[in-house]
Every structure is written in C-alpha cells, then in structure tokens.
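**Student:** Generate coordinates for the sequence data below:
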Amino acid sequence: MSYIKIHNLHQNYTLLCPTVDRITNHIANYEKMSIKKILIIVTDDGQLNELKQKFFGEDVLTDTITFNYNEQNEPVEGEIYLSVDRIIENSKKYKNNLEYEFATVLVHSILHLLGYEDDTSDNKKQMFALQNFYMQNQNFKRLIRKRHKK
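**Tutor:** Alright, predicted model coming up:
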C-alpha cells in the first residue's frame, strides 16, 4: 500500500490527492515498482531556490526538485518539491493550460523518483519519451484547485 502525502503551502493553488494518487500509482505499476512513501510539497520559487542553493550549489529557478531516499530494489520513498511560480511561467511559455503543466512537472518528478535521470542527452531523450508516454495515457482533470481569496 503506497502512502502519498501532499503539503499545499502555496497560497493560490492546491494539488488534489486523488488524482495525484491515481497518476503516481499508474506510473509505478507500469514501471513494475512499488511506492512506500512520497511527500509532495507544493510551494514557490523562493523555497525551491533555497533548496537548489543548499543541496546543489546553484542559484537558479526550477519547477521541481526531487529527493530519492529509497535503497536499490526497495519500494520508492522520497520527496517532490513543486514551484507553482515556475509551473505558471512554464504554462505561459509553452502555451499549455495550467493543469496540463502541473501534470507534466508531476510526471517528470515521479520519473525522477523511479530512478530516471535527465543529466545526459541520451537520458534526457529516454526520460522525455517516457514523460510524453505517460502524459498521453492519463486523465489529469481535477489535479489542481485554485484557492479562493478570503
């Protein structure tokens, strides 16, 4: 039984657990992997930039950071950080609706947790081919909800 927990820290958008569970478990099952525990933190550029500087020594903005804690041949365990600010910018840049862009970054992050990398051109080709495959085979409706201002 997988355990996926979402911390929605962003003030404007909430990532919805049922759709995240369905997508994550679909990908893991297809990849013949099991999930122990995934924590997803939905936040902003500031927090991801701090993490990027602290853990990677880079002062850049990014849409996602993943930390993989599982041992080889063990169920997947890790953290995914998502920057809503970058995802919004990506949706404008690539002319995608916001829900689709959230899904793209989520699928990309899940693939990182499953062990795929995009550090070389060959790895990048493989990862983006898988990402596109999973994007075509999923329904991403009801992935996010805009929070109402009080």
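
**Student:** Name the residues that touch stretch 56-76?
**Tutor:** Outside stretch 56-76, the residues that touch it by C-beta atoms under 8 Å, 6 or more residues apart in numbering are 2, 28, 33-36, 38, 45, 48-49, 51-53, 55, 77-83, 85-87, 90, 105, 108-109, 112-115. Bear in mind the C-beta positions are built from the backbone N, C-alpha and C, glycine included.

**Student:** low pLDDT regions in this protein?
**Tutor:** For the chain, applying pLDDT under 70 flags the ranges 1-2, 149-150.

**Student:** re the thing from before, mind giving me the ChimeraX command for buried ones among the contacts of stretch 56-76?
**Tutor:** Burial among the contacts of stretch 56-76 is assessed by 16 or more other C-beta atoms under 10 Å; the matching ChimeraX selection reads:
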select :28,33,35,38,45,48,49,51,52,77,78,79,80,81,82,83,85,86,87,90,105,108,109,112,113,114
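
**Student:** Downstream of the helix or strand encompassing residue 50, the next helix or strand is which one?
**Tutor:** Applying DSSP states H and E as the criterion places residue 50 in helix 45-56. Counting by DSSP H and E, the next helix or strand C-terminal to helix 45-56 is strand 64-68.

**Student:** in that next one, what's buried?
**Tutor:** For strand 64-68, the neighbour count (16+ other C-beta under 10 Å) marks 64, 65, 66 as buried.

**Student:** How much space separates the first one from residue 71?
**Tutor:** To tie it back to what came earlier, the one meant is residue 64. Look at residue 64 and residue 71: by C-beta to C-beta, to the nearest Å, they are 23 Å apart.

**Student:** Repeat that for residue 39.
**Tutor:** 17 Å.

**Student:** between these two, who's got more neighbours?
**Tutor:** residue 39 (16 against 8; other C-beta atoms under 10 Å).

**Student:** from what I can see, that one looks like it's in a strand, true?
**Tutor:** Yes. Assessed with DSSP: H, G, I helix; E, B strand; the rest coil, residue 39 lies in a strand.
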